[in-house]
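>>> Show me the folded form of this:
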Amino acid sequence: MKVVQLIPGTGGTFYCQNCMRDGALMRALRGRGVDVTLVPMYLPLTVDAEGLEKHAPVFFGGINVYLQQKFRLFRKTPRWFDRLFDSRWMLKQAAAREGSTSAATLGPMTLSMLQGRLGNQRKEIDRLTEWLQGHEKPDLIHASNSLLLGVATELKRALKVPLVCTLQDEHTWLDVIPEPHGTQCWKTMSERGREVDAFIAVSDWYAGVMAGRMGIPRDRLAVAPVGIEFGDMEPVPAPVEPPAIGYLSRMSESLGLGTLVDAFIELKEAGTIPNLKLRVTGGQTAEDARFLERVQSALRRRNLQDDVEFIEQFDRASRHAFLRSLSVVSVPVPGGEAFGTFMIEALACGVPVVQPAEGAFPEIIEKTGGGILYDPSAPNGLKNALETLLRDRTRAHELGRRGREAVLAQYSVEKTMENVLAVYKSLVTS
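As a prediction, the model looks like this:
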């Protein structure tokens, strides 16, 4: 079986759960003999990209997509000219600025991409189609998320193969797009979804969300929780001294880092956990820089800057070392997320988690028993939950141990691969 996987790259500037999910899945599928070609879009894929081939060029280069959206001239320029903007050097510059324009300002371009050949990036679709027809000729196309459906359905029509689409956190992008583009994007994405042969959601919770919002029939919707590559992940020595709270995700206000810092400050001022530290990693985008400056200023005003460490490196080896230095992990995303790979990575190292009772977080806690939930609407909810585990080291260690056992049994990338491969085999006859 030959599969083409369409993956939007991030340029490696932050902890990208989708990128890591897809990279690990591709390696696992290849281990089972599936011929998988990874096709990066917008920017190169660099987060946990070990073992993934580099021969496929980046399609829909971020600079060209932007220029074609803004200026009619660039919709007709020759390929040799476009190639200048797709150069590694130019895309590296674009990656450095990734996030400087948010979803709220990209409504027209998001809609254009979902419209496929009716949008402004038609020649990019033609280029990708020609490359696949000449180089790969797949049996199946797998889109990393439903925001790619404008491209994916055009490829399905041209190549006459089944189309699979993963669902993970698309709503966090579309729901902040101003009207009328927000509604138009949801409508267009739902229409494109009718041409998808099978959807794969990363959690039961998100399957329900997207079935309702996109009108997906349940017989075309499977669930495959994200699995990780365990490698040499070892349990954290207990107890960690000094006690430390950890944050592992993009260092963004939208993902709850400010909420966690506030809870940390409250704990330090209460003085109930002596020598408490906060350690933060996961990278950032240009959009996050001002927020992080405000966070660091707030810490300096309280003379807490020496108790907080912001760690630049977040590759796999660095993340494992980071996790083994922690007592507890929390990424208090407002509204929750479709999954939470950081939870699985933390639990694989025996580190318990504290999460808001929102999104798929309760689902993961229920299945692993590796942490506690709190009510985000309750006063001091996060602070009190963190304090509970930090003061009861025995309970924290037991939750971490239990969570590690459950993750090793239930959340391996091999289990994810088997679920995904079953969907592929239902669509492709050998």
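>>> Quick check: which ranges of the stretch 151-300 of the chain have low pLDDT?
For the stretch 151-300 of the chain, no stretch has pLDDT under 70.
>>> And the strands in it, which stretches?
163-167, 198-201, 221-223, 244-248, 277-281 (DSSP state E, counting those that start in this stretch).
>>> Generate CSV for the ones you listed, with mean neighbour count as supplementary columns.
Quick note: C-beta positions are derived from backbone N, CA and C, even for glycine. What follows is these, written out as CSV (neighbours: other Cβ atoms under 10 Å):
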stretch, mean neighbour count
strand 163-167, 25
strand 198-201, 22
strand 221-223, 17
strand 244-248, 25
strand 277-281, 21
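>>> Can you add distance to Trp131 and give the ones you listed back as TSV?
Listed next are the strands of the stretch 151-300 of the chain as TSV, based on distance: least, Cβ to Cβ, whole Å:
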stretch	distance to Trp131
strand 163-167	18
strand 198-201	24
strand 221-223	29
strand 244-248	36
strand 277-281	36
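>>> for the ones you listed, which one sits closest to Leu386?
strand 244-248 (6.2 Å; Cβ to Cβ).
>>> So what are the sheet partners of that closest one and their directions?
Applying DSSP bridges, strand 244-248 is found paired with strand 277-281 (parallel), strand 328-329 (parallel).
>>> Adding distance to Pro180, write those strands out as CSV.
Listed next are the strands paired with strand 244-248 as CSV, based on distance: least, Cβ to Cβ, whole Å:
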stretch, distance to Pro180
strand 277-281, 38
strand 328-329, 40
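>>> among those strands, which is nearest Met210?
Here strand 328-329 is closest among the strands paired with strand 244-248 (Cβ to Cβ), at 26.7 Å.
>>> helix or strand right after that closest one?
helix 341-348 (DSSP states H and E).
>>> just to revisit the earlier point, quick one: which of the strands paired with strand 244-248 is nearest Phe199?
strand 328-329 (29.6 Å).
>>> contact partners of that closest one?
245-248, 323, 342-343, 346, 351-354, 386, 389-390, 396 (Cβ atoms under 8 Å, 6 or more residues apart in numbering).
>>> what about the helices in the stretch 101-250 of the chain?
Ranges of helices within the stretch 101-250 of the chain are 107-114, 122-135, 149-159, 170-174, 181-193, 204-214, based on DSSP state H, counting those that start in this stretch.
>>> Quick one: distance of the longest one to the chain centre.
The one in question is helix 122-135. Centroid displacement of helix 122-135 relative to its chain, using Cα atoms, centre = their mean, to the nearest Å, is 26 Å.
>>> And that helix, what does it pack against?
Applying 3 or more Cβ pairs under 8 Å, 6 or more residues apart in numbering; DSSP states H and E, we find helix 122-135 packed against helix 62-70, helix 149-159.
>>> go with 10 Å
Under the contact definition 3 or more Cβ pairs under 10 Å, 6 or more residues apart in numbering; DSSP states H and E, helix 122-135 sits against strand 2-8, strand 35-41, helix 62-70, helix 79-85, helix 107-114, helix 149-159.
>>> Take these and write them to TSV, including distance to Ser318 and mean neighbour count.
Converted to TSV, the helices and strands packed on helix 122-135 look like this (distance: least, Cβ to Cβ, whole Å; neighbours: other Cβ atoms under 10 Å):
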stretch	distance to Ser318	mean neighbour count
strand 2-8	22	22
strand 35-41	23	21
helix 62-70	26	20
helix 79-85	32	13
helix 107-114	32	22
helix 149-159	33	22
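>>> right, and the ones you listed - which one's nearest Glu130?
It's helix 149-159; of the helices and strands packed on helix 122-135, that one is closest to Glu130 (Cβ to Cβ) at 9.2 Å.
>>> thinking again about what came up before, now, which of the contacts of strand 328-329 sits nearest Trp131?
Out of those, the member with the shortest distance to Trp131 (by Cβ to Cβ) is Phe342, at 34.7 Å.
>>> Provide a list of residues in contact with the closest one.
Residues in contact with Phe342 (Cβ atoms under 10 Å, 6 or more residues apart in numbering) are 15, 17, 246-249, 255, 282, 319, 323, 329-331, 333, 353, 355.
>>> so how far is Arg127 from Lys2?
20 Å (Cβ to Cβ, to the nearest Å).
>>> Switch the helices of the stretch 101-250 of the chain over to TSV, and while doing so, append distance to Arg32 to every line.
Formatted as TSV, those follow (distance: least, Cβ to Cβ, whole Å):
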stretch	distance to Arg32
helix 107-114	32
helix 122-135	22
helix 149-159	23
helix 170-174	28
helix 181-193	28
helix 204-214	24
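>>> I figured Val164 hits Ile200, correct?
Yes - contact criterion Cβ atoms under 10 Å: Val164 and Ile200 qualify, at 6.5 Å.
>>> For the two, list the residues in contact with both.
142, 222, 420, 423.
>>> farthest-separated two in these?
So, the shared contacts of Val164 and Ile200 by Cβ to Cβ: farthest apart are His142 and Ala222, at 12.5 Å.
>>> Give me the common contacts of those two.
Common neighbours of His142 and Ala222 (Cβ under 10 Å, 6+ apart) are 164, 198, 200, 420, 423.
>>> which of these sit farthest apart?
Ala198 and Val420 (9.8 Å).
>>> overlap in contacts of these two?
Joint contacts of Ala198 and Val420 (Cβ under 10 Å, 6+ apart) are 142, 164, 222.
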